[in-house]
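> Provided below are the primary sequence and the corresponding predicted coordinates.
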Amino acid sequence: MDKHIVILGGGTAGTITANRLCRTYGESGYRITVLDQDDDHVYQPGLLFVPFGLAEPHHLVRSRPRQLRAGVGYKQARIERVDLDARTVHLAGGIRLSYDVLVVATGAALLPEETEGLTGEGWGEKVFTFYDRPGAIGLHRALERFQGGRVVIDVADLPLRCPVAPLEFAFLADWYFQRRGIRDRVQLTYATPLDGAFTKPVAAKALGGLLADKGIELVTEFTLGEVDGARGRLVSYDERELPFDLAVVVPLHGGAEYVGRSDGLGDELGFIPVDPHTLQHPDRPEVFAIGDAAGLPASKAGSVAHFEGEVLVRNIGRFLAGRPLDASFDGHTNCFVETGFHKALLIDFNYDTEPLPGHFPGPVGLPLLKESHASHLGKLAFEWLYWHSLLPGREVPGIGSAMPEHGKHHVSA
């Protein structure tokens, strides 16, 4: 009898997993089903560009099942809960789906309602997020109308999807207002719960230096407690205030809603605890998680899902064959950071090695932690690579799941 692999989520991580499984194991006795509640696969990195008129929202969306290889089943339904003891997924309408292996890939959900006042007065008028399509579209209109004042970009709390995106927004806002000729009338502030511009010292120093060079105020250890839209102020839990005329807030993130209804599946935030190197659930060996849904000390970014996918697919095969798992995922993360003026910088790191200067993927390659036009072109080219190589589960020559050490220079912060 075919072993049934059920993948919850048809976004980046789930699609990569399904297509890699299909490519790797073909017709070898595995049946693969992907579940999701809608048919909209969104290229999330593109949302960053929508507010600045650099991307059309409708160009970022494609059909979920059309990104899956022939032979992968797709079912559109709302997930109610997972019964781990019965190895069954309960769907809306009383539908049940049994599995031999479950892969949780339902990503991270935005929880703006969890922050006092965020969705209250001013929401969608002078308080926005660009982390979903409606917010990015509304913010584009607001920026077009904006003639001057204080713009605050705020990260409510961690964890969050694509941790560099709020920084990118700040850099692009500086460029955008300069293009419009009103930069001298705009005060830009970047507020973060971290003690620096980024989580790692060397990168924090480089990115913090860029903020300073561009005249963007950096406010650290600011954990958002309240949004007062009527008076135009953000208030931290330690009662510091940031006044604004336009607030761009990255809301709290949590796991998918059904996780909380599934006993034993997730942690208190709704993310799935897994071994950081094998991606296997500690209490349920037949359950794995990948991408933003996984409760790992790694960035929640598309590149991470790509690198995880290589190890995960290998481990699903090993688990079903009764063999020891491959504990080789090292937390590899790779991100282009758009800095405006047709430049970007590239960072590459893992669990143990922070972003360092040098080149990627080796001594001859793109510069790391250094602005360049080449990295900007790499950022733009990534969209094509995403749809035509990463999602289909193809290998990218010279870039594997393990972080390359060659070409990096170890320095002190």
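Okay, I see it. Residues are numbered from 1 along each chain as shown.
> where do the helices of the stretch 201-350 of the chain begin and end?
For the stretch 201-350 of the chain, the helices defined by DSSP state H, counting those that start in this stretch cover 201-213, 302-320.
> skip the chain neighbours and tell me the closest residue to G46.
L60 (4.2 Å; CB to CB, 6 or more residues apart in numbering). All C-beta spots, glycine's among them, are computed from the backbone N, C-alpha and C.
> where does the stretch 301-413 of the chain dip in pLDDT?
Confidence mapping of the stretch 301-413 of the chain against pLDDT under 70 gives the ranges 412-413.
> what about E383, which helix or strand?
Following DSSP states H and E, one finds E383 within helix 373-385.
> quick one: buried residues of that helix?
Neighbour counts over helix 373-385 (16 or more other CB atoms under 10 Å) mark 375-376, 378-379, 382-383 as buried.
> check stretch 392-399 too.
392-393, 399.
> on that earlier part again, how many residues are close by the residue nearest to G46?
Neighbour count of L60, defined by other CB atoms under 10 Å: 20.
> from F382, how far out is it?
13 Å (CB to CB, to the nearest Å).
> what does P243 give?
36 Å.
> equivalent analysis for T333, please.
Counting by CB to CB, the separation of T333 from F382 is 14 Å.
> can you check F319 too?
32 Å.
> equivalent analysis for G270, please.
28 Å.
> and for N315?
In terms of CB to CB, N315 sits 26 Å off from F382.
> same check on G148?
Distance of G148 to F382, given as CB to CB: 33 Å.
> can you pull the contacts of G295?
With contact taken as CB atoms under 8 Å, 6 or more residues apart in numbering, G295 is in contact with 266-267, 269, 271-274, 289.
> for PyMOL, write the select line for the buried members of these.
Buried members of those, defined by 16+ other CB under 10 Å, are picked up in PyMOL with:
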select buried, resi 266+271+272+273+274+289
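> and the contacts of G295 as TSV, adding pLDDT and distance to V72?
As requested, the contacts of G295 are exported to TSV (pLDDT from 0 to 100; distance: CB to CB, whole Å):
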residue	pLDDT	distance to V72
G266	98	25
D267	97	29
L269	96	30
F271	98	25
I272	98	22
P273	98	27
V274	98	23
A289	98	19
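> closest one of the contacts of G295 to K343?
In terms of CB to CB, no member of the contacts of G295 lies closer to K343 than F271, at 33.9 Å.
> skipping adjacent residues, who's closest to the closest one in space?
Leaving aside its chain neighbours, F271 sits nearest to G295 (3.6 Å; criterion: CB to CB, 6+ apart).
> tell me the bridge partners for the one you found.
Beta bridges link G295 to P273 when assigned by DSSP bridges.
> quick check: it vs H253, distance?
According to CB to CB, G295 and H253 sit 12 Å apart.
> could you do V6 as well?
For V6, the distance to H253 equals 24 Å [CB to CB].
> likewise for R87?
Distance, R87 to H253, by CB to CB: 28 Å.
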